[in-house]
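Q: any chance you can model this:
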Amino acid sequence: MLLILGAVVLMLALNRPRADAVAVLLVVTLPFTGLVTVQESLSGFADPSVVLVAAMFVIGDGLVRTGVASRLGDWIGDRSGRGEAGVIVLLMLVTAGLGSMMSSTGVVAIFIPVALRVAARRGIPPGRLMMPLSVAALISGMLTLVGTPPNLVVNAELSRAGLPLLGFFSFTPMGLTVLVLALGWMLLARRWLGGAAGTEQRPAGRRLADLAADYAILDRVIRVRLRPGSPLLHKPLSELSLRAGHGLNVLVIDRHKGLSRRTLLPDPATRLHAGDVLEIYLSSPIEDGGLQPRLEALGMEARPLDLHDVAHRPRQIGVAEVMIAPESKLIGRTIMDARFRSRTGLTVIGIRHGAASGRIALKHGLTEQVLALGDTMLVVGPWRSIRRLRDRRDLVILNLPAELEEETPAMRHAPQALLATTLAVALMVTGIVPNSAAALIGCLVMGATGCTDLDSAYKAISWRTVVLIAGMLPLSLALQRSGGVELAAAGLHSVMTGLGPRGILACLFAVTAAMGLFLSNTATAVLMAPVGIAISQEMGLSAPPFAMTVALAASAAFMTPVSSPVNMLVIGPGGYRFSDFLRIGLPLALASMGVTVLMVPWILPLHGAATASP
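A: From the prediction side, this is the model:
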């Protein structure tokens, strides 16, 4: 069993295969050890905590779809005054509050464009806001029981052992204290996060021409007119192979007939007519002097590109800046391999990689560029396709041109979304129904009031997280039956002998936080929760304080950019280096450990129910 545990830790640390695939391997492998049955290996999928996690993703999606989050962002911009400190405080408070009820990664994805917009409006370097945003999102997991999956994992371990459970607001005193300390620290440390030396400020709400210039693609967009003798006339675009054969991507077609003018969006069945004016993006590099002969061979004549005209077609074609999000299927693939254009209706015309997204624009070979988490892309296409990006979970919209924001419709179902969320929270707090049932009731209210629908609800759930938790939960049962948990607990206890209960809590926090530098916070909680509970039982102390210590330490992933997807998302917009996370995150992690050691035994007495109930 220890060999299996070692293999699991190694695969999770290397992320090969993916964490959810590791969980599936465990489900298949554990019954062969003889320690658990097939039914027990699959029991994680029926665990109430797993249902609760999935339901909270749906509730969070309802808050996004109804515009509650974006309105909070506008409120931040309106109420924060002109001072930078006010912006940081409000941004962190709102992010932490919203993150206590939905995925912290989702909250950061929502608020990155909000923070960029506020930064542009106030003249604040983006680096001053991105780090506070990620810190607040991580601390949101310390505020409520449903704030982050690790909290639910440790609660599931307590339930499995027949021990007293943690309440909905059991985490809140510690989380609020850490949040206050983090607010003070970020106001003090913001001077180190200016990003002025290497990060270009890219304000939100710019016009189409501004975004095009920012990605250095203006010299690759041309405007041509089809001559009467062109070999392209009266043939569907699907037969012309303009993109594959000539490196020409047709973005839009202007067709003049008499005094009227029509703007057409390219379609495989679209047939070209003499006199059509095409806007074309050159997807492949063309040597100097090589473009004109190619245009003449195709019966095209170059025309001047009128950017003012392009910018005033908001209902036809638009441009948006998007970022690759965690769990995106685009990661590790090229634009061509992912069939991005056929799947989204949009053409990628610019890419910036990772932390260099504020400085470097790639000019050639876009379709061969391998995409990674945090990369940004400039996409062009119909506004309706750009609007649909808002419903995707694998792309984060960083900047929408002002033309689109002027057309944004009113959000009609925000009150119903707030009602459903409030109802779910109230049911959890009062304990009238189990937490999982309360969350499902909130989902049903969301659906009944039009805040979401079944298709959107299924898309909102992070199935990787669900599979990871459900597949890893039986591991603790197998470790307990094999004696692995008791062995680890005894080893840690022997090392910590003489430290006293609070000293042991500090060591447990440190070990868990150290594991979190290499593993996901959920996997860390799965592995360390049974160890913490076993230590408490070996010492004859109450188990909930030790379980809570593990949960709080799993959320203290401040120190490296790879500790959490939350940190990965802000690297590019903030222009951060690895050292920035260590310099800002280490004091926060130490402060979190201090708060945990001092407050947890006060909130949850160490002397209480120490053993499983009969």
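Q: under the pLDDT cut-off, which ranges of the stretch 301-450 of the chain? List them.
A: Applying pLDDT under 70 to the stretch 301-450 of the chain picks out residues 304-317, 354-365, 391, 400-411.
Q: now do stretch 579-594: everything it contacts.
A: If you take Cβ atoms under 8 Å, 6 or more residues apart in numbering as the criterion, stretch 579-594 is touched by 131, 135, 142, 178, 181-182, 185-186, 189, 192-193, 506, 509-510, 513, 552-553, 555-556, 558-561, 563, 567, 574. The C-beta positions use only the backbone N, C-alpha and C, and glycine is treated the same way.
Q: and those residues, which of them are in helices?
A: 131, 135, 178, 181-182, 185-186, 189, 506, 509-510, 513, 552-553, 555, 567, 574 (DSSP state H).
Q: select only the buried ones of those in ChimeraX?
A: Filtering the ones in helices among the contacts of stretch 579-594 down to the buried ones (16 or more other Cβ atoms under 10 Å) takes a single ChimeraX command:
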select :131,135,178,181,182,185,186,189,506,509,513,552,553,555,567,574
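Q: can you confirm Tyr281 is in a strand?
A: Yes. Counting by DSSP: H, G, I helix; E, B strand; the rest coil, Tyr281 is located in a strand.
Q: how about the nearest residue to it, chain neighbours excluded?
A: Asn249 (4.3 Å; Cβ to Cβ, 6 or more residues apart in numbering).
Q: in the helix or strand hosting the one you found, what's buried?
A: Using DSSP states H and E, Asn249 sits within strand 248-257. Buried positions in strand 248-257, judged by neighbour count with 16+ other Cβ under 10 Å: 248-254.
Q: remind me, longest helix of this structure?
A: Assigned via DSSP H, the chain shows its longest helix as helix 578-603.
Q: same question for that one, mean pLDDT?
A: What helix 578-603 shows for mean pLDDT is 92.
Q: so how far is it from its chain's centroid?
A: 23 Å (Cα atoms, centre = their mean, to the nearest Å).
Q: what comes up buried for that helix?
A: 580-581, 584-585, 587-593, 595-597, 599-601.
Q: likewise for stretch 506-523?
A: 506-509, 511-513, 515-516, 518-523.
Q: residues contacting Ile349?
A: With Cβ under 8 Å, 6+ apart, Ile349 has these contacts: 212, 215, 217, 220-221, 281, 366, 378-380.
Q: can I get the residues you listed in JSON lines including secondary structure?
A: Output for the contacts of Ile349, formatted as JSON lines (three-state DSSP):
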{"residue": "Ala212", "secondary structure": "helix"}
{"residue": "Tyr215", "secondary structure": "coil"}
{"residue": "Ile217", "secondary structure": "coil"}
{"residue": "Arg220", "secondary structure": "helix"}
{"residue": "Val221", "secondary structure": "strand"}
{"residue": "Tyr281", "secondary structure": "strand"}
{"residue": "Leu366", "secondary structure": "helix"}
{"residue": "Leu378", "secondary structure": "strand"}
{"residue": "Val379", "secondary structure": "strand"}
{"residue": "Val380", "secondary structure": "strand"}
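Q: only C-alpha atoms, please: export stretch 318-338 in PDB.
A: Extracted in PDB, the C-alpha atoms of stretch 318-338 (Å, rounded to 0.1, in the frame of the first residue of the first chain):
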ATOM      1  CA  GLY A 318     -15.300  42.300 -33.500                       C
ATOM      2  CA  VAL A 319     -12.100  41.600 -31.700                       C
ATOM      3  CA  ALA A 320     -11.500  40.300 -28.100                       C
ATOM      4  CA  GLU A 321      -8.500  39.500 -26.000                       C
ATOM      5  CA  VAL A 322      -8.800  36.100 -24.100                       C
ATOM      6  CA  MET A 323      -6.700  34.000 -21.800                       C
ATOM      7  CA  ILE A 324      -6.300  30.300 -21.500                       C
ATOM      8  CA  ALA A 325      -7.900  29.100 -18.300                       C
ATOM      9  CA  PRO A 326      -7.200  26.100 -16.000                       C
ATOM     10  CA  GLU A 327      -8.600  22.800 -17.200                       C
ATOM     11  CA  SER A 328      -8.800  24.200 -20.800                       C
ATOM     12  CA  LYS A 329      -8.600  21.500 -23.500                       C
ATOM     13  CA  LEU A 330      -6.500  24.000 -25.500                       C
ATOM     14  CA  ILE A 331      -3.500  23.600 -23.100                       C
ATOM     15  CA  GLY A 332      -0.700  21.600 -24.800                       C
ATOM     16  CA  ARG A 333      -2.300  21.900 -28.200                       C
ATOM     17  CA  THR A 334      -1.800  24.200 -31.200                       C
ATOM     18  CA  ILE A 335      -4.500  26.400 -32.700                       C
ATOM     19  CA  MET A 336      -4.700  24.100 -35.700                       C
ATOM     20  CA  ASP A 337      -4.800  20.900 -33.600                       C
ATOM     21  CA  ALA A 338      -7.600  22.300 -31.500                       C
END
